[in-house]
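Undergrad: can't give you the sequence, but here's the structure:
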């Protein structure tokens, strides 16, 4: 495993592990043009019980994704011909795939790179070198949220023309359907459940992202901005409480 050593961080873990999550055949598609990365990730993820397919030629992504129907994507960014940002846009534009969670795994670790990745529609971003246990944690968290949001439910939330139907994992604004990612759906649901109450960025990180790490609170700001864009005329219902967080106000 010598060639793979540089992919991992030497720092001790800074997170708290959640209760065990059993993959039960959850499918993960890894896209990276470096064979040693795809080989390593396939080995590690398969050992955890995931069904894993890998792609080293990014031009094959959409055909493979439609056949494999992954529950989660792991995308590198810096690839020839078709980079991870463009792939993310393609996935988010495909109705059959647009709600599938995406994790960017990239050597680009600056905050500007993270924010751009999230703005494009990714659900999470992890910079290389990384801790394999942290990656496993983030994967489990995203898949758990996907499972929870698609589980049978009769819950229906409504606020001034915004209707969130948990049973069908759908959202409408003034009777027009809008498409949200898993993360955006969870974020809106928490804001609607706790409407008129200020939610700190830290509480949203715990409630939506479901883990305790050093993730920047700007991650929340980025997803709020994306959510507002999709809510259109109802965007103003999500108020910014300066220096604290956000509130969905229906007064």
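TA: On my side now, so go ahead. Remember, predicted model here, so these are calculated numbers, not experimental data.
Undergrad: Helices of the protein, start to end?
TA: 35-47, 61-68, 84-93, 111-119, 132-150, 182-193, 201-204, 218-231 (DSSP state H).
Undergrad: Going by neighbour count, which residues of the longest one are buried?
TA: Residues 132, 134-143, 145-146, 149 are the ones in helix 132-150 that count as buried (16 or more other CB atoms under 10 Å). Using the backbone N, CA and C atoms, a C-beta is placed for each residue, glycine as well.
Undergrad: Check stretch 157-170 too.
TA: Under 16+ other CB under 10 Å, the buried positions of stretch 157-170 are 157, 159, 162-164, 166, 169.
Undergrad: how far out from the middle of the chain is it?
TA: Computed by CA atoms, centre = their mean, to the nearest Å, the chain-centroid distance of stretch 157-170 equals 20 Å.
Undergrad: Stretch 66-76 now?
TA: 13 Å.
Undergrad: sorry, back to before: got TSV for the buried residues of helix 132-150, with distance to residue 68 and pLDDT too?
TA: Below are the buried residues of helix 132-150 laid out as TSV (distance: CB to CB, whole Å; pLDDT from 0 to 100):
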residue	distance to residue 68	pLDDT
132	23	89
134	25	88
135	20	91
136	20	91
137	23	88
138	20	89
139	16	92
140	20	89
141	22	84
142	17	86
143	15	88
145	21	75
146	16	73
149	21	57
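Undergrad: For the residues you listed, give me TSV that also has distance to residue 239.
TA: As requested, the buried residues of helix 132-150 are exported to TSV (distance: CB to CB, whole Å):
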residue	distance to residue 239
132	40
134	33
135	35
136	36
137	32
138	29
139	33
140	32
141	27
142	27
143	31
145	25
146	28
149	24
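Undergrad: Identify the farthest-apart pair in these.
TA: Comparing every pair within the buried residues of helix 132-150 by CB to CB identifies 132 and 149 as the most remote, at 26.2 Å.
Undergrad: Return the angle between stretch directions for the lowest-mean-pLDDT helix or strand in the chain and helix 35-47.
TA: Counting by mean pLDDT, DSSP states H and E, the chain has its least confident helix or strand at helix 132-150, which shows a mean of 81. Computed by axes from the mean of the first three to the mean of the last three CA atoms, to 10 degrees, the angle separating helix 132-150 from helix 35-47 equals 60 degrees.
Undergrad: starting at the chain centroid, how far to helix 132-150?
TA: For helix 132-150, the distance to the chain centre is 9 Å (CA atoms, centre = their mean).
Undergrad: ok so, going back, worst average pLDDT in the helices of the chain?
TA: Across the helices of the chain, helix 132-150 has the smallest mean pLDDT, namely a mean of 81.
Undergrad: now that one and helix 182-193, what's the angle there?
TA: Interaxial angle of helix 132-150 relative to helix 182-193 (the same axes, to 10 degrees): 60 degrees.
Undergrad: hey, what's residue 74 bridged with?
TA: For residue 74, the beta-bridge partners are residue 30, residue 103 (DSSP bridges).
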